[in-house]
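> Let's see this in three dimensions:
(2 chains)
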Number of protein chains: 2
Amino acid sequence: MGEYFIGIDIGATNVKIGCFDSELKLISKTSITTGAEMGPDIVIDNITAAAGTLVTDAGFSIDNVCAVGLGMPGPAKYSEGIVISSTNMPKFKNVPIVRMLAEGLGKPVVMDNDGNVACWGEFVAGAGKEVEDMVFFTLGTGIGGAIVNHGELLTGCGDNATELGHIIIYPDGRRCNCGQRGCVEAYASANWTAQRATEAIEAGAESSLKKVLQENGRITCKDVYERLTEGDALAKKITDETAKALAVLCINVLHTTEPSRIVFAGGMIAAGDVLLDGIKHYFNEHIWTLKKETVEICFATLGEDAGIIGAAALAKHAKAPGEPD
Amino acid sequence: MGEYFIGIDIGATNVKIGCFDSELKLISKTSITTGAEMGPDIVIDNITAAAGTLVTDAGFSIDNVCAVGLGMPGPAKYSEGIVISSTNMPKFKNVPIVRMLAEGLGKPVVMDNDGNVACWGEFVAGAGKEVEDMVFFTLGTGIGGAIVNHGELLTGCGDNATELGHIIIYPDGRRCNCGQRGCVEAYASANWTAQRATEAIEAGAESSLKKVLQENGRITCKDVYERLTEGDALAKKITDETAKALAVLCINVLHTTEPSRIVFAGGMIAAGDVLLDGIKHYFNEHIWTLKKETVEICFATLGEDAGIIGAAALAKHAKAPGEPD
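Residues are numbered from 1 along each chain as shown, chains lettered A, B, ... in the order given. Below you'll find the predicted structure:
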């Protein structure tokens, strides 16, 4: 009987692998290039080999591993362990990745989507570890989401719940890449925050960001938050709109699943307190007055390790559902 | 060991009581005046007496009753069985109603809020009986909501989840009674649909509803839908806005908990197909194009009995959680 857990976080570029003890303490971790263009067979062989080396280098063998957790971008039939397709990994079509990895490692494997896995990591070991009900958002190219309800990830009827970036907050608003109008993502993700700044400048707005656009050919979300701290009025307007959109998103999920904590993660939280304070400001401005809300809005704490921690924790949780991790 | 279940649905005006067999088939039902002004002790005595008479008249005794379910408007600490306060029942403050009723009847009692109980009725015996994941809306004075996720009601961290009428869809929009701006309720409940028509006429809009307002001193939601079928342009505009708001609400809950069915209930569904078709029309217009959605949007089927059926079913479910009702 093993006493260790492996967490694997597959991304389009890199695969992160971590080895954890029975208390989910990280023993060692590694990262390999995904090499998705080589196709699923070779990718899974490489992961299997890297996981084997990781545990051997840590001084034990794969026999001491109890179970393996896997985070993987969708769309996928997570409950069946099959990747349907992947925008950034075109050779991964209808791949029974859970079965393949389980055969390669000789261990049981559980899979969930990358957002759920990162959420689960924060839930068991990070910003949500004291609560039972939390909502998790990742702010990056888009906005990802996950919900823990009474200690369990909310999955929906077809493994496609918690597409929280596509909650509509302006029904006649901006067109999102998903085809809808007015998704919160189309206002408040890192990419769309930068995009709104770019559009404003192209429409003639005055800002120090104009020079950034001219020199770099593009504006990033980081540029916008940097100019905000320098007092740029356009940066203020753009980031206020981002904070307001995220605050409305918080209110909407509060009125739906009533979490006690809302956790923001993703590259954009590097903006720091100015982002978090902005979200809280607009939350307090827009929330109802019927009762005082005590939900805590905060940032994730695990950084890039959230995925491997969450994957390992899911493996442990699947092994003993209902028991504390 | 009893084989029957009692479902009780307490409203500000009436209390409905139903007696059900072990398959949740309705055996008999009754209704008494709540008399909330007499205070909780007398109200509960009256309910106890009426429930006793109901089962005796049905040919058996309270000894044959297994458990009792109760639907009650909030706010309440449902998990503790305590009504905190009630807008329309001012003498009900911090009342341990579950304990009182359990002592009166000599049977175990479970309580949930009236919206959840009606949802549960539709889930086990009505419009949701073939599915495991559903969202339920009641369209009346306001908009109530409830969610069944994987066969269980979603309750949140403090028994106040699924306040779905207060999902914000127009952050700078109309002021809702709750204090927020742009709640879906402030556009699409029966009262607010009528209110928007009234405001439009007061602002000078031409409509056959103008005469209704002059003659009756008010416009009801029913008036608006009646004039719609007569081709009134303002009625068309107002009901289109209602349908669009409800469609956006459907999209937002779909992207949150991914139900396979969305069920509308409440007095307003008397408007019929014109309302349901409108919601579906705007849903299809506003939903994303990333994947085809198959969620079914429909009306409730149990009418006013949903509460007593749901309450009895909750009692049975609490007795044997995890087993099919």
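> burial measure for residue A:179, as a count.
For residue A:179, the count of nearby residues is 13 (other CB atoms under 10 Å in any protein chain shown). Any C-beta I mention is one placed from the backbone N, CA and C, and that applies to glycine too.
> for residue A:218, that is, sorry about that
11.
> Can you give me the distance of it to chain B?
From residue A:218 across to chain B, the span is 25 Å (CB to the nearest CB, to the nearest Å).
> now residue A:281
14 Å.
> That residue in helix, strand or coil?
Assigned by DSSP: H, G, I helix; E, B strand; the rest coil, the conformation of residue A:281 is helix.
> ok, now how distant is it from residue A:232?
Taking CB to CB, to the nearest Å as the measure, residue A:281 falls 19 Å from residue A:232.
> Run the contact check for stretch A:133-153 versus chain B.
Yes - against chain B, stretch A:133-153 shows contacts by CB under 8 Å from any CB of the partner chain at A:133, A:147, A:149, A:150.
> so can I have a markdown table of these showing secondary structure, neighbour count and pLDDT?
As requested, those are exported to a markdown table (DSSP: H, G, I helix; E, B strand; the rest coil; neighbours: other CB atoms under 10 Å in any protein chain shown; pLDDT from 0 to 100):
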| residue | secondary structure | neighbour count | pLDDT |
| --- | --- | --- | --- |
| A:133 | coil | 25 | 98 |
| A:147 | strand | 26 | 98 |
| A:149 | strand | 24 | 96 |
| A:150 | coil | 14 | 96 |
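> and which of those is nearest to chain B?
Closest approach to chain B among the residues of stretch A:133-153 next to chain B (CB to the nearest CB): residue A:133, at 4.0 Å.
> Verify the contact between the closest one and residue A:260 for me.
Yes - with contact defined as CB atoms under 8 Å, residue A:133 counts as touching residue A:260 (5.3 Å).
> which neighbours do the two share?
residue B:157 (CB atoms under 8 Å, 6 or more residues apart in numbering or on different chains).
> Nearest to the spatial middle of chain A, which residue is it?
residue A:115 (3.8 Å; CA atoms, centre = their mean).
> show me what contacts it?
A:136, A:138, A:144, A:145, A:146, A:162.
> so how far does stretch A:124-139 reach from one end to the other?
20 Å (CA to CA, to the nearest Å).
> Just the buried residues of it, please?
A:124-128, A:131, A:133-139 (16 or more other CB atoms under 10 Å in any protein chain shown).
> Kindly report the same for stretch A:14-33.
Neighbour counts over stretch A:14-33 (16+ other CB under 10 Å) mark A:15, A:16, A:17, A:18, A:19, A:20, A:24, A:27, A:29, A:31, A:32 as buried.
> Greatest separation within those residues: which pair is it?
A:24 and A:32 (22.1 Å; CB to CB).
> sorry, back to before: let me have the buried residues of stretch A:124-139 in JSON lines, extended by secondary structure.
Formatted as JSON lines, the buried residues of stretch A:124-139 follow (three-state DSSP):
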{"residue": "A:124", "secondary structure": "helix"}
{"residue": "A:125", "secondary structure": "helix"}
{"residue": "A:126", "secondary structure": "coil"}
{"residue": "A:127", "secondary structure": "coil"}
{"residue": "A:128", "secondary structure": "coil"}
{"residue": "A:131", "secondary structure": "coil"}
{"residue": "A:133", "secondary structure": "coil"}
{"residue": "A:134", "secondary structure": "strand"}
{"residue": "A:135", "secondary structure": "strand"}
{"residue": "A:136", "secondary structure": "strand"}
{"residue": "A:137", "secondary structure": "strand"}
{"residue": "A:138", "secondary structure": "strand"}
{"residue": "A:139", "secondary structure": "strand"}
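> Relative to chain B, which of these is nearest.
Compare each of the buried residues of stretch A:124-139 with chain B using CB to the nearest CB and the shortest gap goes to residue A:133, at 4.0 Å.
> Was I right to think residue A:120 contacts residue A:113?
No - in this structure, residue A:120 is not within contact of residue A:113 by CB under 8 Å, at 10.5 Å.
> And those two? Which one has more around it.
residue A:120 (31 against 22).
> if we can go back for a sec, for chain B, see how far away the residue nearest to the centre of chain A is.
For residue A:115, the distance to chain B equals 13 Å [CB to the nearest CB].
> Likewise for residue A:86?
14 Å.
> Between the two ends of stretch A:104-112, how far is it?
19 Å.
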